[in-house]
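J.: Generate coordinates for the sequence data below:
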Amino acid sequence: MRWKYRDYQEKNHLIELCCLANGEKVKQRGAALLLVLFSILLMSTMVSTTYLYLSNMIYFVGDSRTKQDDKQLLLGSEGFFLNNITKEILNGEGFGGAYSKLLTSPSAISINNRDVYYSLIDRTSCFNVNTLYDSFSNMSKNNKYYPWLVLDNILQLNNIVSSVINKLMTILIQYPSYTSNLDHIDSFFLAIGQAFQKDNSIDKILNISSENFLYIAPLVCSRNDNTLLINVNMLNIKSSYLVQAIFMNEITESDVYKVILSKPAQGWLTVESFFESLANNSSVDIDRINELKNIGILKFSNDEYYFSSNFKVDNGDSQLMSLFHVKGNAISVLHRRFIL
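T.: Predicted coordinates:
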């Protein structure tokens with residue numbers, strides 16, 4: 001019996017050792033399995049990340065190529081447009097005639113089986129808001145408020161009330177009593193002038209409704225110069241308010257119509273011939289005309305123009321907005337802005 005019991009104990013011990021060994025093997029296999037699963041997960045993550053990265057790279061490269069293609073297409077269309085309008089000017093058509101023809105011609109250019117549509121906007125005979133700021137540094141003491149008076153006249157002629165301009169005009173009327181504090185007065189005007197340079201929301205600066213602003217929008221522009229340029233050959237019935245405003249309302253609406261309708265078929269060949277027509281067809285005094293002609297910020301011309309264009313790729317959002325300057329037979333691009 002003693003020997004059997006000892007054999008039984010040894011057998012149990014061996015069984016325990018085997019179980020422990022098997023347990024260790026199971027643990028090792030589990031650890032190995034977890035390591036394999038972790039490696040697979042890591043590799044899968046790396047593959048997914050690489051695929052996503054490559055996909056983004058392919059997308060961005062493709063998108064970049066599309067943008068570059070659109071950019072070249074837009075520049076090519078602008079060049080084609082410039083060549084055509086230059087030919088018209090050199091052929092004796094003059095920019096006024098060429099511009100009028102462009103407004104009535106198909107506004108599309110086809111290059112490499114793709115269409116680019118364009119629209120034109122006159123930037124010449126309009127009120128340049130940059131004059132409101134620059135008048136204080138570029139005009140004489142007596143004329144530095146002239147642009148503000150023109151703007152006030154434009155608003156009055158359109159029956160638009162601006163609390164901002166009314167406040168400035170009130171200060172201007174009280175000018176004599178503030179002679180000892182001129183810098184303080186000018187600061188009000190400069191603050192509004194600087195706002196015009198920084199912000200395109202003219203209606204908000206003037207504190208007028210968007211509906212009212214639509215009435216004066218065709219008469220207001222912003223260029224990269226500081227002059228009130230009036231091209232006498234580009235004047236039309238729509239710009240009558242501008243003519244009245246720059247002459248301080250000393251010329252009536254009916255008289256403006258007479259002057260504009262008296263334009264020769266080939267336009268006024270000189271600015272002086274325009275002023276002669278103005279004196280003959282209105283009650284404005286010739287001395288007043290000569291006085292306004294001497295204001296440095298006001299410029300009359302018969303061969304200088306500004307206009308902007310917007311070229312847009314068909315079936316796409318890519319656009320090119322350009323500002324052009326025409327002087328005599330020469331035309332140049334002053335500014336380009338791409339939206340790709």
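J.: Point out where this protein drops to low pLDDT.
T.: Across the chain, the ranges flagged by pLDDT under 70 are 1-34, 36-39, 41-42, 44-64, 90-106, 134-142, 174-185, 197-200.
J.: ranges for the helices of it?
T.: For the chain, applying DSSP state H gives helices covering 2-88, 94-104, 131-138, 146-157, 163-173, 182-198, 202-206, 210-216, 240-246, 253-261, 271-280, 286-293.
J.: give the contact list for residue 241.
T.: Residue 241 sits next to 154, 157-158, 216, 219 when contact means CB atoms under 8 Å, 6 or more residues apart in numbering. In this view, the C-beta of every residue, glycine as well, is placed from N, C-alpha and C.
J.: 10 Å instead?
T.: Shown in contact with residue 241 (CB atoms under 10 Å, 6 or more residues apart in numbering): 127, 153-158, 215-216, 218-219, 249, 253, 256.
J.: Please report the distance of it from residue 214.
T.: Counting by CB to CB, to the nearest Å, the separation of residue 241 from residue 214 is 14 Å.
J.: what's the answer for residue 120, then?
T.: Distance from residue 120 to residue 214, by CB to CB: 20 Å.
J.: do the same with residue 332
T.: Taking CB to CB, one finds residue 332 at 31 Å from residue 214.
J.: and if you look at residue 233?
T.: From residue 233 over to residue 214 the distance is 26 Å, taken as CB to CB.
J.: More neighbours: which of those two?
T.: More neighbours surround residue 233 than the other of residue 233 and residue 214, with 23 against 10 (other CB atoms under 10 Å).
J.: Could you check what's spatially nearest to the more buried one, not counting adjacent residues?
T.: Excluding the flanking residues, the one nearest residue 233 by CB to CB, 6 or more residues apart in numbering is residue 267, at 3.9 Å.
J.: my guess is that neighbour contacts residue 231, does it?
T.: Yes - applying CB atoms under 10 Å, one finds residue 267 in contact with residue 231, separated by 9.5 Å.
J.: Who has more neighbours out of these two?
T.: Each of residue 267 and residue 231 has its neighbours counted (other CB under 10 Å); residue 231 has more, 25 against 17.
J.: Hmm, residue 122 and the more buried one touching each other?
T.: Yes - counting by CB under 10 Å, residue 231 does reach residue 122; the two are 8.9 Å apart.
J.: which residues do the two both contact?
T.: 239, 305-306.
J.: Derive a ChimeraX selection command for the buried subset of those residues.
T.: Here is the ChimeraX command that selects the buried residues among those (16 or more other CB atoms under 10 Å):
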select :239,305,306
